[in-house]
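In: Need coordinates for the following:
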Amino acid sequence: MAKFSWKDAPDLMDALARTQNAPCNSNIDIMTFAGFCTSREELEAHVRRYEQYETDAEMAAILGRAA
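Out: From the prediction side, this is the model:
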């Protein structure tokens, strides 16, 4: 089996870019850590983890600080 590459998942990379550019994720480096994903499933879980936060307030609550 060939080694997984982000090039194999352009749909997830598009979602990752949108998620990285969301205001609530502006202080989190989501892209770099995506490079450590070793499967499509792992990359998808990584993207989904950050996609779920729609606002700065939601992310702040998760991180335990004021928005």
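
In: Quick check: residue 6 touching residue 33?
Out: No: the pair residue 6 and residue 33 does not pass the contact test of C-beta atoms under 8 Å, sitting 11.9 Å apart. The way it works is simple: take the backbone N, C-alpha and C, and place the C-beta from them, glycine included.

In: Overlap of the contact sets of these two?
Out: Overlap between the neighbourhoods of residue 6 and residue 33 is empty, taking contacts as C-beta atoms under 8 Å, 6 or more residues apart in numbering.

In: which of these two has more neighbours?
Out: Just comparing residue 6 and residue 33: by other C-beta atoms under 10 Å the higher neighbour count belongs to residue 6, 15 against 11.

In: which one is that one nearest to, not counting chain neighbours?
Out: Spatially, and ignoring its direct neighbours in sequence, residue 6 is nearest to residue 13 (5.5 Å; C-beta to C-beta, 6 or more residues apart in numbering).

In: For stretch 10-20, list every residue counted as buried.
Out: Taking 16 or more other C-beta atoms under 10 Å as the basis for neighbour counts, the residues of stretch 10-20 that come out buried are 12, 13, 15, 16, 19, 20.

In: Other residues contacting the strand or helix carrying residue 18?
Out: Under the criterion of DSSP states H and E, residue 18 resides in helix 10-20. Applying C-beta under 8 Å, 6+ apart, the contact partners of helix 10-20 are 6, 25, 30, 31, 34, 40, 43, 44, 46, 47, 50, 51.

In: Could you check how far the second one is from residue 44?
Out: Using C-beta to C-beta, to the nearest Å, one gets 17 Å for the distance from residue 25 to residue 44.

In: could you pull out the helices for this protein?
Out: Secondary structure of the chain, counting by DSSP state H: helices at 10-20, 30-34, 40-51, 56-63.

In: possible to save those as CSV with distance to residue 2 and mean pLDDT?
Out: Compiled in CSV, those are given as follows (distance: least, C-beta to C-beta, whole Å; pLDDT from 0 to 100):
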stretch, distance to residue 2, mean pLDDT
helix 10-20, 16, 90
helix 30-34, 18, 90
helix 40-51, 12, 89
helix 56-63, 35, 60
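
In: Distance-wise, check the most centrally placed residue in the chain relative to residue 19.
Out: Nearest to the centroid of the C-alpha atoms of the chain, with distances taken as C-alpha atoms, centre = their mean, sits residue 47, at 3.4 Å. Taken as C-beta to C-beta, the spacing of residue 47 relative to residue 19 amounts to 6 Å.
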